[in-house]
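In: heads up, no residue letters with this:
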């Protein structure tokens, strides 16, 4: 880890170090309106969304409607894109908004543990669903976007700023404390396209290392 990127301070605990802040100049936010940017540092996988999609996140696997706990909202992202960012312990654990836009709503979903009886096994591919929070944003360049943070089971460790109304690309949205480490971006059909190299590697099951503010796609189909 390059500690020269971070604020020079004495850390009192591992959690204090985990949620450390960067020096302002350490990340460059791509300012081109048509560029879809990464909201965070981490390893990126991209998935095409359909009604059968199973999205792996934080050691769980979700159907889209279970991820959002809203079937109507989930259906509105069919044929769109799901970007999953897996943050490692060594990664910077703050994250930003991906575009200018207006916050429409926020939702927090507590984590739950399903029983392991056969009837439960038929419905759920795994037995846990993690604490997660998502924000619905009407963006200027990529339509209606869901930006979600996922923490550990029952203990979310997600610290979000409660911005209301208009938000700006690159503005800090929040940070994870120890126990939270996945960001998901959902984009509707024809609103954006991932970088070809990222999509090709994702189809091969390979994650791509990205930095906050880096271009990972472009506007349109």
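Out: Good, I have the coordinates. Note that this is a predicted model, so its numbers are computed, not measured. Residues are numbered from 1 along each chain as shown.

In: most centrally placed residue in this protein?
Out: In the chain, the C-alpha nearest the mean C-alpha coordinate belongs to residue 183, at 1.9 Å (C-alpha atoms, centre = their mean).

In: right, and residue 131 touches residue 149 too?
Out: No - if you go by C-beta atoms under 8 Å, residue 131 and residue 149 don't touch, sitting 9.2 Å apart. C-beta here means a position set from N, CA and C on the backbone, and glycine is covered the same way.

In: Overlap in contacts, those two.
Out: residue 158 (C-beta atoms under 8 Å, 6 or more residues apart in numbering).

In: Who has more neighbours out of these two?
Out: residue 149 (29 against 22; other C-beta atoms under 10 Å).

In: residues contacting that one?
Out: Taking C-beta under 8 Å, 6+ apart, we find residue 149 in contact with 95, 132, 133, 134, 158, 160, 174, 176, 180, 182, 183, 184.

In: Show only the entries of these found in strands.
Out: 95, 132, 133, 134, 158, 160, 174, 176, 180, 182, 183, 184 (DSSP state E).

In: which SSE is the nearest residue to residue 105 once chain neighbours are set aside in?
Out: Of all residues not flanking residue 105 in the chain, residue 136 sits nearest, at 4.8 Å (C-beta to C-beta, 6 or more residues apart in numbering). Element membership for residue 136, per DSSP states H and E: strand 132-139.

In: Give the rounded mean pLDDT of that strand.
Out: The average of the pLDDT scores along strand 132-139 is 96.

In: What is the neighbour count of residue 16?
Out: By other C-beta under 10 Å, 13 other residues sit near residue 16.

In: hang on, it in a helix?
Out: Yes - judged by DSSP: H, G, I helix; E, B strand; the rest coil, residue 16 forms part of a helix.

In: what about the closest residue to residue 213 other than its chain neighbours, which SS state?
Out: Sequence neighbours aside, residue 29 is the residue nearest to residue 213 in space, at 3.7 Å (criterion: C-beta to C-beta, 6+ apart). Following three-state DSSP, residue 29 is assigned to coil.

In: what sits against residue 29?
Out: 37, 96, 169, 170, 212, 213.

In: what would the contacts of residue 149 look like in TSV with distance to residue 110?
Out: Converted to TSV, those look like this (distance: C-beta to C-beta, whole Å):
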residue	distance to residue 110
95	21
132	9
133	10
134	13
158	12
160	15
174	17
176	17
180	14
182	16
183	19
184	17
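
In: out of these, which are buried?
Out: With burial judged by 16 or more other C-beta atoms under 10 Å, the buried subset of the contacts of residue 149 is 95, 132, 133, 134, 158, 160, 174, 176, 180, 182, 183, 184.

In: Tell me the one among these nearest to residue 73.
Out: Ranked by distance to residue 73 (C-beta to C-beta), the buried ones among the contacts of residue 149 are led by residue 134 at 9.4 Å.
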